[in-house]
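In: Return atomic coordinates for the entry below.
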Amino acid sequence: GTPLDLTADEQATIGALNAECAKLVAEYENADELPDEIDQRLGEIETALASFDERPVHYEPADIAIAGVFVSLDADGTLS
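Out: Residues are numbered from 1 along each chain as shown. Purely as a prediction, here's the structure:
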């Protein structure tokens, strides 16, 4: 499949997060240690940006019609 395109809102959000991250990194680039709230915010930004990497995927109907599936069962018979 092919990943779905980002919406304008998603692109704007990514741009704002990247800008905020760059601002914080530049502001604290000479600091020996980041304040806890800044370190936490940078982690939140990183997590939010990573969520955009996991985009939904679009499959063509013809591909879906011929697609298969693998099913694995545990020793007790449950799906794994």
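In: quick one: residue 59 from residue 65, how far?
Out: In this view, residue 59 and residue 65 are 10 Å apart by CB to CB, to the nearest Å. (C-beta placed from N, C-alpha, C; glycine too.)
In: Mind checking which of those two has more residues around it?
Out: A count of neighbours by other CB atoms under 10 Å puts residue 59 above the other of residue 59 and residue 65, at 11 against 8.
In: And that one, what's its pLDDT?
Out: At residue 59, the pLDDT value in this model is 91.
In: And residue 38, by the same measure?
Out: For residue 38, the model assigns a pLDDT of 94.
In: What of residue 29?
Out: Reported pLDDT for residue 29: 89.
In: Now it: which helix or strand?
Out: Per DSSP states H and E, residue 29 falls between elements, in no helix or strand.
In: What of residue 76?
Out: Here residue 76 is assigned to no helix or strand, by DSSP H and E.
In: okay, it: pLDDT?
Out: For residue 76, the pLDDT comes out at 91.
In: Adjust the sequence numbering to begin at 33 for everything that follows.
Out: Right, with 33 as the first residue, what we last looked at is residue 108.
In: burial measure for it, as a count.
Out: Based on other CB under 10 Å, the number of other residues close to residue 108 is 6.
In: Tell me the spacing between it and residue 101.
Out: In terms of CB to CB, residue 108 sits 21 Å off from residue 101.
In: ok, and for stretch 55-65, which residues are buried?
Out: residue 56 (16 or more other CB atoms under 10 Å).
In: List of residues touching that stretch?
Out: 66-67, 70, 73-74 (CB atoms under 8 Å, 6 or more residues apart in numbering).
In: Restricting to C-alpha, output that stretch in PDB.
Out: Taking C-alpha atoms only, stretch 55-65 is exported to PDB below (Å, rounded to 0.1, in the frame of the first residue of the first chain):
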ATOM      1  CA  LYS A  55      13.700  27.100  19.300                       C
ATOM      2  CA  LEU A  56      14.100  25.100  22.500                       C
ATOM      3  CA  VAL A  57      17.300  23.400  21.200                       C
ATOM      4  CA  ALA A  58      18.800  26.800  20.200                       C
ATOM      5  CA  GLU A  59      17.800  28.300  23.500                       C
ATOM      6  CA  TYR A  60      19.400  25.600  25.600                       C
ATOM      7  CA  GLU A  61      22.300  24.500  23.300                       C
ATOM      8  CA  ASN A  62      25.000  25.800  25.800                       C
ATOM      9  CA  ALA A  63      23.300  24.400  28.900                       C
ATOM     10  CA  ASP A  64      25.000  21.600  30.700                       C
ATOM     11  CA  GLU A  65      21.700  20.100  31.600                       C
END
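In: Perfect, I'm done here.
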